[in-house]
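Novice: Sequence below, structure please.
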Amino acid sequence: MITSPQDDVLISNLGWVDKGTLWRYQDATGTPDRVAVSDGTHLRMLAGEADDSVVVEHGVSGHVSVSVRPWSSLAEPLVRVDVHGWTATVEGDLAAFQGHRRLFVGYLDSDATGAAGYFLVEVGAREVRVRRLDWFDQDRYDQMYQQVTSALELPSGEYLFGVQRSSDLVLCDPADLSVIREVPLAGRHGNPTPFLRRRGSELWAVDYDTVVRLDPSSLTIEDQWLGQPPSISGYRMFLGDLWMSRDEEEVLIARPGSGDVVDLDPENLRVIRAWRTGREPLAAARLAGRVRARDWKTGELLSEDTAE
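Specialist: Residues are numbered from 1 along each chain as shown. From the prediction side, this is the model:
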């Protein structure tokens, strides 16, 4: 979930419910609606330092598509980049990516490149570069079971990748994308998508049922929090998405197995408070002073006063 700079609009996407639309909740109306974006299977939103817009990755089979959209008109992209092969098609001004993440990963099929695989898309000031991730091969990964899910540029300039169903992030040299080393997390084999606090002081990731905080220079674990302890029978339940306020003083995470949303202290990962929402919250955020969440299976709106 991402909240607008004015703290009056909340957007989200649960692919199995929303498909290629942005789910939008406006505090003024008190009811959700949807904004059509693409005919893809899902969307992923990324917030950056640019307060007036948001980046949207489009889940489209066989190619990579990403756009920058203003909060004032989410249906109309400022710029859109489509990668169907080794070259990219750009509609709009790449300057709109300023203040946003510029690295994206996706699967390009054989029709697009001649050799299907995962590729890195680097959006520059004037051009878009497409390179193959040769390290993601059948010798090291189960390509029927795993995929490269995210890419992040660290303050050092090195690139850090998340891999589905893996507890190791992959650190790469930006020059040739060769693997420098793997970065272990909590050993929970989740789908980690690392992100930096805006000041670049910390690196965060969720490894299935555990929140992990790392030093961005050494990439060593500073702290971790097991958010969904196993049941008596040993059954493990994953955590939902992690949300951080714009001032980075509040961290919320949904716990579908517990039917609540937890407020963590970002300094020590201790639980400050928990809000009972009922059902199975998967994504949560605070909007206009109130905790809002969405149910895992239905996508329906949950709040701190909807507990069963």
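Novice: Only C-alpha atoms from now on, for both contacts and neighbour counts.
Specialist: Fine.
Novice: remind me which residues of this protein are low pLDDT?
Specialist: 112, 199, 305-308 (pLDDT under 70).
Novice: in it, which residue is closest to the centre?
Specialist: residue 193 (5.8 Å; C-alpha atoms, centre = their mean).
Novice: Just give me the neighbour total for residue 243.
Specialist: Applying the criterion other C-alpha atoms under 10 Å, we find 20 residues in the vicinity of residue 243.
Novice: Secondary structure class of residue 57, three-state.
Specialist: strand (DSSP: H, G, I helix; E, B strand; the rest coil).
Novice: To which secondary structure element type does the residue nearest to it when sequence neighbours are not counted belong?
Specialist: Closest residue to residue 57 apart from its sequence neighbours, by C-alpha to C-alpha, 6 or more residues apart in numbering: residue 66 at 4.4 Å. Classification of residue 66 using three-state DSSP returns strand.
Novice: what's near enough to touch residue 66?
Specialist: 55-58, 80-82 (C-alpha atoms under 8 Å, 6 or more residues apart in numbering).
Novice: What separation do you get for it and residue 38?
Specialist: 10 Å (C-alpha to C-alpha, to the nearest Å).
Novice: first vs last residue of stretch 237-251, how far apart are they?
Specialist: 20 Å.
Novice: The residue lying closest to residue 8 once chain neighbours are set aside: neighbour count?
Specialist: Leaving out its chain neighbours, the residue that sits closest to residue 8 by C-alpha to C-alpha, 6+ apart is residue 27, at 5.2 Å. As a burial measure, residue 27 scores 14 neighbours (other C-alpha under 10 Å).
Novice: Same check on residue 218?
Specialist: Neighbours of residue 218 (other C-alpha under 10 Å): 8.
Novice: What lies in contact with stretch 266-283?
Specialist: 1, 223-225, 239-242, 248-251, 253-265, 291, 293-297, 302-308.
Novice: how does it look with 7 Å?
Specialist: If you take C-alpha atoms under 7 Å, 6 or more residues apart in numbering as the criterion, stretch 266-283 is touched by 1, 225, 240-241, 249-251, 254-257, 259-265, 293-296, 302-308.
Novice: Buried only: go through these for me.
Specialist: 1, 225, 240-241, 250-251, 254-257, 259-264, 293-296, 302-304 (16 or more other C-alpha atoms under 10 Å).
Novice: Where does the nearest residue to residue 76 once chain neighbours are set aside fall, secondary structure wise?
Specialist: Computed as C-alpha to C-alpha, 6+ apart, the closest residue to residue 76 that is not its neighbour in sequence is residue 69, at 6.4 Å. Per DSSP states H and E, residue 69 falls inside strand 64-70.
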